[in-house]
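Peer 1: fold the following.
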Amino acid sequence: MTTSDILDDTHVAALQHDLADVPAEATLVGVVRRPTGWFRSTIDENYPVPVLGSPADLFDEFKQRQEDFTIRGMCDEGAHNAAWDEVGFEDRY
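Peer 2: Purely as a prediction, here's the structure:
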């Protein structure tokens, strides 16, 4: 099997926070509900496909928990990682 035969998925935040193990030669393709400017700086190609983006309720729950952790004094990365784990984002997405 070559690396061109491999498809894997993760959330863009996992890429931004270095939580995803991605080979250097990988092409990062974004599939999101609503692309934003900052998103384009993280990926190589972008395809807005609302039905394939993370569910709005899951994303909202994650963002709320992240904000809660930030308010409690966690750094941005720590709040992100704690919220990601607490809501089970990867498993639920």
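
Peer 1: which residues does the worst-scoring helix or strand of the chain on mean pLDDT contact?
Peer 2: The helix or strand of the chain with the poorest confidence is helix 37-40; it has a mean of 75 (mean pLDDT, DSSP states H and E). Identification of contacts with helix 37-40 by CB atoms under 8 Å, 6 or more residues apart in numbering yields V12, G30, V32, N46. In this view, the C-beta of every residue, glycine as well, is placed from N, C-alpha and C.

Peer 1: which residue in those has the weakest pLDDT?
Peer 2: Among these, V32 carries the weakest pLDDT, at 74.

Peer 1: which residues sit in contact with the nearest residue to it once chain neighbours are set aside?
Peer 2: Excluding the flanking residues, the one nearest V32 by CB to CB, 6 or more residues apart in numbering is G53, at 4.6 Å. G53 makes contact with V31, V32, R33, R34, according to CB under 8 Å, 6+ apart.

Peer 1: so how far is F69 from G53?
Peer 2: Distance, G53 to F69, using CB to CB, to the nearest Å: 23 Å.

Peer 1: can you list the domains in the protein?
Peer 2: Using automatic domain parsing, the domain parsing of the chain gives 3-48, 56-92.
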